[in-house]
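# have a look at this prediction, sequence included:
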Amino acid sequence: SDSVQKELRSPICCIMGHVDTGKTKLLDCIRGTNVQEGEAGGITQQIGATYFPAENIRERTKELKADAKLNVPGLLVIDTPGHESFTNLRSRGSGLCEIAILVVDIMHGLEPQTIESLNLLKMRNTDFIVALNKVDRLYGWKTCRNAPIGKAMKLQSKDVQMEFNNRLTQVITQFKEQGLNTELYYKNKDRGETFNIVPTSAISGEGIPDMLLLLVQWTQKTMIERLTFSNEVECTVLEVKVVEGHGTTIDVVLVNGVLHEGDQIVGPIVTTIRALLTPHPMKELRVKGTYLHHKEIKAAQGIKITAQGLEHAIAGTSLYIVGPNDDLEDIKATAMEDMKSVMSRIDKSGEGVYVQASTLGSLEALLEFLKTPAVNIPVSGISIGPVHKKDVMKASVMLEKKKEYATILAFDVKVTQEARELADELGVTIFIADIIYHLFDQFKAYIDNLKE
Ligand code: GTP
Ligand code: MG
Ligand code: NA
């Protein structure tokens with residue numbers, strides 16, 4: 001047998017499921033944060049990442065199993081939106097992870113984006129566990145803060161236990177209808193064939209220890225090859241974002257290898273890493289806060305990179321590092337291939353509105369939403385970041401072609417004073433919202449008004 005202990009990297013885990021099942025709240029519960037309450041409309045509209053060091057997982061699971069072996073350095077968890085508009089972000093998240101948490105609201109059972117998520121996982125053959133969340137909503141539930149689920153369940157009345165079992169059975173049946181066997185994890189004798197269900201509450205924390213331990217134990221047991229640390233850099237761009245004081249930055253997931261300050265990187269652009277930033281452990285990368293600076297960072301980690309020229313980076317593409325023996329032109333060619341496939345999803349027709357968003361991920365989501373048959377708004381131009389005069393100029397081109405399209409749909413971005421003045425002067429209408437479908441409502445009201 002192998003006497004040399006292999007060095008493992010942290011598993012990457014993606015949390016997915018229907019809107020409002022409690023994905024962000026579950027992470028808040030582990031982090032001790034309040035990210036969810038800061039979200040516009042309480043819905044997640046961006047992909048996020050949080051690093052959980054093993055020592056924190058140890059602390060959180062000691063009541064369940066104090067002597068559990070944790071061979072991985074931690075867990076990197078990717079949060080995704082559940083709203084139907086964000087299929088691309090669910091796809092991006094699930095494409096990166098070794099394991100997923102599929103969150104199901106025990107009061108609702110399987111819902112449309114549960115099934116969509118399930119299909120994404122099946123397509124890539126990605127392993128997952130089910131978090132059957134909001135158990136505290138069972139009528140008469142006795143809170144047992146942060147307790148292992150077995151202990152919490154024993155404390156419940158017969159009625160609560162019965163309601164739990166009924167709802168659990170319904171969910172298992174619904175999974176069966178999707179062609180999947182599932183079972184409560186502590187009753188599951190056929191792990192691997194039958195997917196594990198962990199009951200949880202994101203509000204009072206019951207079952208969180210079980211969920212964490214199961215993720216770590218299952219990945220370090222069944223995915224040793226995949227989790228073995230390698231020096232070969234594997235890195236994906238999650239989001240391209242303008243951050244005050246840093247210019248355009250990229251949020252990346254470093255899946256394997258090591259990144260250094262000063263590394264030459266190739267995406268659609270060739271540039272040099274100026275700063276490698278991470279949030280503090282147990283803090284969300286997508287939330288503005290204080291960043292830690294690093295000279296180098298080892299996988300797996302969620303990282304914010306600052307560098308020149310990042311406005312040309314594209315979310316969803318790989319980032320390549322130019323090593324001492326690498327040919328820059330070869331790497332550029334590979335990066336171009338990646339970019340083409342992403343760009344092809346953004347179609348620019350001749351006539352249409354101008355669309356602007358804070359990140360490429362949300363821009364993609366907005367474009368996807370505008371394309372759906374029920375909405376069907378053509379788009380002629382796109383941009384990321386605050387609305388500037390140049391954007392108003394571009395949108396104003398439609399004044400001569402199709403006046404009602406001389407509009408900017410601005411999602412989660414600021415409009416500069418000059419841009420607003422120019423828009424008033426030229427007759428370009430700017431709609432601003434921080435929830436995607438509110439933009440549609442505003443635009444529709446405007447069109448209906450024009451027709452009258
Ligand atoms: P999206 O990211 O928008 O898809 O939603 P989400 O799955 O991240 O759900 P979120 O964390 O935003 O929670 C949605 C709502 O459910 C919030 O009002 C939460 O407070 C509530 N909630 C989440 N988890 C629980 C839970 O375990 N118990 C109870 N009672 N409420 C919960
Ligand atoms: Mg969320
Ligand atoms: Na939500």
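That came through, no problem. Ligands and ions are numbered 1, 2, ... in the order given.
# quick one, strands of the stretch 101-250 of the chain?
127-133, 182-184, 195-199, 234-243, 247-256 (DSSP state E, counting those that start in this stretch).
# I'd like those strands written out as TSV, with mean pLDDT and mean neighbour count added.
C-beta coordinates here come from the backbone N, C-alpha and C atoms, glycine included. Below are the strands of the stretch 101-250 of the chain laid out as TSV (pLDDT from 0 to 100; neighbours: other C-beta atoms under 10 Å):
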stretch	mean pLDDT	mean neighbour count
strand 127-133	98	25
strand 182-184	98	20
strand 195-199	98	23
strand 234-243	90	22
strand 247-256	94	23
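# between these, which one is nearest to ligand 2?
The closest of the strands of the stretch 101-250 of the chain to ligand 2 is strand 127-133. By C-beta to the ion, the value is 11.8 Å.
# picking up where we left off before, want to try CSV for the strands of the stretch 101-250 of the chain, with distance to ligand 3 as columns?
CSV is the format used below for the strands of the stretch 101-250 of the chain (distance: least, C-beta to the ion, whole Å):
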stretch, distance to ligand 3
strand 127-133, 12
strand 182-184, 24
strand 195-199, 20
strand 234-243, 19
strand 247-256, 20
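# and A333, how many neighbours does it have?
Neighbour count of A333, defined by other C-beta atoms under 10 Å: 11.
# the longest helix along the chain to strand 127-133, inter-axis angle?
For the chain, the helix with the greatest residue count under DSSP state H is helix 158-177. Between helix 158-177 and strand 127-133, the angle comes out at 150 degrees (axes from the mean of the first three to the mean of the last three C-alpha atoms, to 10 degrees).
# can you list the residues of the stretch 251-400 of the chain near ligand 2?
Taking C-beta under 5 Å from the ion, no part of the stretch 251-400 of the chain reaches ligand 2.
# what are the ranges of the strands in the stretch 251-400 of the chain?
Secondary structure of the stretch 251-400 of the chain, counting by DSSP E, counting those that start in this stretch: strands at 258-260, 264-266, 270-272, 275-278, 292-294, 296-298, 301-306, 320-321, 353-357, 379-384.
# who does the second one pair up with?
Each strand that strand 264-266 pairs with, and the sense of that pairing, follows from DSSP bridges: strand 270-272 (antiparallel), strand 320-321 (antiparallel).
# same check, this time on the fourth one
According to DSSP bridges, strand 275-278 has the following sheet partners: strand 292-294 (antiparallel), strand 301-306 (antiparallel).
# for these, which one ends up most surrounded?
Stretch with highest mean neighbour count among the strands paired with strand 275-278: strand 301-306 (a mean of 24; mean count of other C-beta atoms under 10 Å).
# and it, how far from the chain's centre?
14 Å (C-alpha atoms, centre = their mean, to the nearest Å).
# and if you look at stretch 16-31?
Taking C-alpha atoms, centre = their mean, one finds stretch 16-31 lying 11 Å from the centre of the chain it belongs to.
# could I get the CA-only coordinates of that stretch as PDB?
Listed next in PDB are the C-alpha coordinates belonging to stretch 16-31 (Å, rounded to 0.1, in the frame of the first residue of the first chain):
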ATOM      1  CA  MET A  16     -27.600  24.600  -5.500                       C
ATOM      2  CA  GLY A  17     -31.300  24.400  -5.500                       C
ATOM      3  CA  HIS A  18     -34.600  26.300  -6.100                       C
ATOM      4  CA  VAL A  19     -34.900  29.900  -5.100                       C
ATOM      5  CA  ASP A  20     -35.300  30.600  -1.300                       C
ATOM      6  CA  THR A  21     -34.600  27.100  -0.200                       C
ATOM      7  CA  GLY A  22     -32.000  28.600   2.200                       C
ATOM      8  CA  LYS A  23     -28.700  28.100   0.300                       C
ATOM      9  CA  THR A  24     -27.100  31.400   1.400                       C
ATOM     10  CA  LYS A  25     -28.700  31.200   4.800                       C
ATOM     11  CA  LEU A  26     -27.100  27.800   5.400                       C
ATOM     12  CA  LEU A  27     -23.700  29.300   4.500                       C
ATOM     13  CA  ASP A  28     -24.500  32.300   6.800                       C
ATOM     14  CA  CYS A  29     -25.200  29.800   9.600                       C
ATOM     15  CA  ILE A  30     -21.800  28.200   9.200                       C
ATOM     16  CA  ARG A  31     -19.900  31.500   8.700                       C
END
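# give the buried residues for it.
Under the neighbour-count criterion of 16 or more other C-beta atoms under 10 Å, stretch 16-31 has 16-31 buried.
# out of those residues, which are inside helices?
Going by DSSP H, the helices hold 23-31 from the buried residues of stretch 16-31.
# contacts with ligand 1 among these, please.
23-25 (C-beta under 6 Å from any ligand atom).
# okay if I get these as a markdown table plus pLDDT?
As requested, these are exported to a markdown table (pLDDT from 0 to 100):
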| residue | pLDDT |
| --- | --- |
| K23 | 98 |
| T24 | 98 |
| K25 | 98 |
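# now distance to S362 too, for these, in TSV please.
Rendered in TSV, the data for those read as follows (distance: C-beta to C-beta, whole Å):
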residue	distance to S362
K23	17
T24	16
K25	21
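# show the low-confidence segments of the stretch 151-300 of the chain, by residue range.
By pLDDT under 70, the stretch 151-300 of the chain has no low-scoring segment.
# who in it is up against ligand 1?
Within the stretch 151-300 of the chain, the positions adjacent to ligand 1 are 201-203 by C-beta under 6 Å from any ligand atom.
# most neighbours among those residues, which one?
Busiest of these [other C-beta under 10 Å] is S201, holding 30 neighbours.
# what's the pLDDT at the residue nearest to that one when sequence neighbours are not counted?
Among residues not flanking S201 along the chain, D136 sits closest, at 4.1 Å (C-beta to C-beta, 6 or more residues apart in numbering). Looking at D136, its pLDDT reads 98.
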